[in-house]
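1. Sequence and predicted structure, then a few things I'm wondering about:
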Amino acid sequence: MNNNNTIIEVKNVTVRLGGNAIHDNLNLTVNKGEIIGIVGGSGSGKTTLLREMLMLQRPDSGSIRIFGQELTTASPDTLLAVQKRWGVLFQQNALFSSLTVLENTAFPLLEHSHLEEEMIQKLALLKILLVGLPLDAAVKYPSELSGGMQKRAALARAICLDPELLFLDEPTAGLDPESAAGLDQLILNLQTTMGLTVVIITHDLDTLWAVTNRVAFLGKGKVLCIDKISALAENPDPMIQEFFNGPRGQVAKRIYE
Amino acid sequence: MMITQSTIKYNATKKTAYCEGDWDLSHIPTIQSEFKKIQWSVNTSIIIDGASLHKMDSGGAWILSHFLNILHKKNITTKLQNFSEQHQKLLSIISQQTALEKDIPKVNMPSWLARLGKNTVSNVREALDFLNFVGQLTFEWLRVITHPSRLRISAIVSVIDKTGYQALPIIALLSFMIGVVITYQMGEQLRTYGANIFIVDLLGLSVLREFGPLLTAIMVAGRTGSAFTAQLGTMKINQEIDALNTMGVTPGELLLLPRLTGLFIALPLLTVWADIFGVIGGMIMANNTLGVTWHEFLNRFQHQIPLRALLIGIGKAPVFALLIGSIGCFEGMQVGGSADSVGKKTTRSVVLAIFFIIVADAIFSVIFSEFKL
């Protein structure tokens, strides 16, 4: 039986795409209230793992439990109940281009809550302000915003239903260092105030050092190691060493240690 | 654990309001209606107690700070007590967002006059852009034609395959049915005069001169013009067009001219194909309902229908092809920003192409009648 602190439990998941084993008996557990980073080289299956946890892709075998619910065999109703409790920030933002930022943010509330229109708008606006967007950005269309603002807008939509679990796919990719640092701070703030559990997929060493509690390193179709980043960086595995102790890794390590 | 109801209770003697249960999104309406029922003491100071608050999310925190604002307006001062650290943090963050108490910003909708003006200007501008585009393409074409090695034969062949060869079945079916319909409708009238045999003249002229080229062009505008716009538009959004430009390969040479040339070749051929099936459809109907046999039909056809009729019909096709191709490509290159824009431009491309095909056809009719063709 699960203990209450486990939010995500990925067990013995195997998946093959086009004959290649992407995951080979992969296991991962995420506890309540932690910020976990998922890293790995290109092609190590980070995005595939995310897509499996989001049920956008079915694993060939194995089990994925989120909030104690088995998702691989879940009925649409069970899945919906889980879906209402998580929020997702996609790598390309995936904002609806035909809706304004406010409409984008209000969308999950309109679909899944029974609140009055005005209340929904206020709550959506609150989330827009919380992620640090100015008020007048609310009536703009995504294409009128800069990359950093689009990321924030997408984050506002992801946290709109006050999810307990937040998935962030490359949240700082393509942002300037200042916006990226701002977003790191924002993630930390949201995590402490809203008590979120956050799963971050990223290549950004700064984000990993600044934000995460634990980091899972994917390689060879498995989680090679999962630990605090300071401990992970000392792991002798050559793949991990290459990742954390390359020239960039050294710089990030020096700053945060 | 006992499940407490999500509510707010007020004890007038202790001057304390108790927040209880889950203050989250789903409970906002009940909490709000409870709040409205409370008779607040006036001009006093009250305590808000959060000790039996089980859970509070940002929605709950917002509704609480909203209540506090309402109370302040009634000259009631409030003090929070027994809120957990996390709830306090959340509340303080929410109460910092003072902008929330303002009105919700609205998308600016200009008046109808302003919109009319704006649309007019943007349409005129688009027309100028189109002329510019045609000019550029012409230059591009001259450049490519003087360096025949730059002519992309395989791309042209692929366009002919997609827009011509693969359209053969649908065009055949469509024009066959048109032939059937024309014969059926006109045959009714002709029979009353006992002039059945004249169906050959009517059908031959109308299909070869008008219906064949026009219907084929409209079909191709819907099938191919839209495809051009959507392909180019998506490439534009993916910055593929920009990539080409930076590599010194003009999109005109690689993408636009092959499409235009391919369509220029394919559409007249498709028109001949449509003519054949239109006449066959009419012939079958004439044989079945009007008693005009195959032999009579074909015999009269070759004497009564001048070659001119066929040539005029086919002669229009290249013009239609240029219209469809250039409008399809132009709208594709006009796409910007979002997926929404691809949809809009694709619709526009089809509507404009069909519109101009019919306008061009009308102009042809006037010219031909001037020259008594």
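-> Arrived safely, thanks for sending. A quick note: this is a predicted structure, and the numbers were derived from the prediction, not measured. Numbers count the residues shown, from 1 in each chain, chains lettered A, B, ... in the order given.
2. Tell me how far A:L99 lies from A:L110.
-> Applying CB to CB, to the nearest Å, the value for A:L99 to A:L110 is 11 Å. (Each C-beta comes from the backbone N, C-alpha and C, glycine too.)
3. B:L128 - how many residues pack around it?
-> 10 (other CB atoms under 10 Å in any protein chain shown).
4. any idea which helix or strand carries it?
-> According to DSSP states H and E, B:L128 maps onto helix B:112-146.
5. For that helix, buried residues please.
-> Neighbour counts using 16 or more other CB atoms under 10 Å in any protein chain shown place B:E126, B:F130, B:F133, B:L137, B:E140, B:W141, B:V144 of helix B:112-146 among the buried residues.
6. and whatever residue of the stretch 51-200 of chain A ends up closest to chain B, what element?
-> Nearest to chain B in the stretch 51-200 of chain A, going by CB to the nearest CB, is A:S97, at a distance of 3.2 Å. Using DSSP H and E, A:S97 sits in no helix or strand.
7. Apart from its chain neighbours, what residue comes closest to it?
-> Once flanking residues are discounted, A:S97 sits nearest to B:S338: 3.2 Å by CB to CB, 6 or more residues apart in numbering or on different chains.
8. Now do the one you found, the pLDDT please.
-> Looking at B:S338, its pLDDT is 77.
9. if we look at the helix or strand encompassing A:L125, which residues are touching it?
-> Assigned by DSSP H and E, A:L125 belongs to helix A:117-130. Helix A:117-130 is contacted from outside by A:101-102, A:105-106, A:109-110, A:113, A:115, A:135, A:137-138, A:153, A:156-157, A:159-160, A:190, B:25, B:28, B:58-59, B:62, B:93-94, B:97, B:99-100, B:104, using CB atoms under 8 Å, 6 or more residues apart in numbering or on different chains.
10. List the buried residues for it?
-> For helix A:117-130, by 16+ other CB under 10 Å, it's A:M119, A:I120, A:Q121, A:K122, A:L123, A:A124, A:L125, A:L126, A:K127, A:I128, A:L129, A:L130.
11. List of residues touching the next helix or strand after that helix?
-> Of the helices and strands lying after helix A:117-130 in sequence (DSSP H and E), the nearest is helix A:147-158. The contact list for helix A:147-158 (CB under 8 Å, 6+ apart) reads A:87-90, A:93-95, A:101, A:104-105, A:107-108, A:124, A:127-128, A:130-133, A:137, A:142, A:145, A:166-168, A:171, A:174-176, A:179, A:182-183, A:186.
12. Please work out the average pLDDT along helix A:147-158.
-> Here the average pLDDT along helix A:147-158 is 89.
13. which ones are touching the residue of the stretch 51-200 of chain A closest to chain B?
-> A:S97 sits in contact with A:Y141, A:P142, A:S143, B:G337, B:S338, B:A339, B:D340, B:S341, where contact means CB under 8 Å, 6+ apart.
14. for the residues you listed, which one is nearest B:I47?
-> A:P142 (44.6 Å; CB to CB).
15. A:T72 in helix, strand or coil?
-> The three-state assignment at A:T72 reads coil, by DSSP: H, G, I helix; E, B strand; the rest coil.
16. Going by proximity to chain A, name the top residue of the stretch 1-150 of chain B.
-> B:D57 (3.8 Å).
17. ChimeraX command to pick out the buried ones of the contacts of helix A:117-130?
-> Command for ChimeraX that selects the buried part of the contacts of helix A:117-130, burial taken from 16+ other CB under 10 Å:
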select /A:101,102,105,106,109,113,115,135,137,138,153,156,157,159,160,190 /B:25,28,58,59,62,93,94,97,100
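18. re the thing from before, any idea which helix or strand comes after the helix holding B:L128?
-> Next along from helix B:112-146, by DSSP H and E: helix B:153-163.
19. what residues does the helix or strand that that following helix is followed by touch?
-> Following helix B:153-163 in sequence order, the next helix or strand is helix B:168-192 (DSSP H and E). Residues outside helix B:168-192 that contact it (CB under 8 Å, 6+ apart): B:196, B:198-199, B:202-203, B:206-207, B:211-212, B:215-216, B:219, B:223, B:270, B:273-275, B:277-286, B:289-290.
20. what distance separates helix B:168-192 from the centre of its chain?
-> For helix B:168-192, the separation from the chain centroid amounts to 32 Å (computed by CA atoms, centre = their mean, to the nearest Å).
21. Repeat that for stretch B:266-274.
-> The mean C-alpha position of stretch B:266-274 is separated from the chain mean by 27 Å, CA atoms, centre = their mean.
22. Likewise for stretch A:15-31?
-> So, by CA atoms, centre = their mean, the centroid of stretch A:15-31 is 18 Å from its chain's centroid.
23. thinking again about what came up before, just give me the neighbour total for the residue nearest to A:S97.
-> Counted with other CB under 10 Å, B:S338 comes out at 17.
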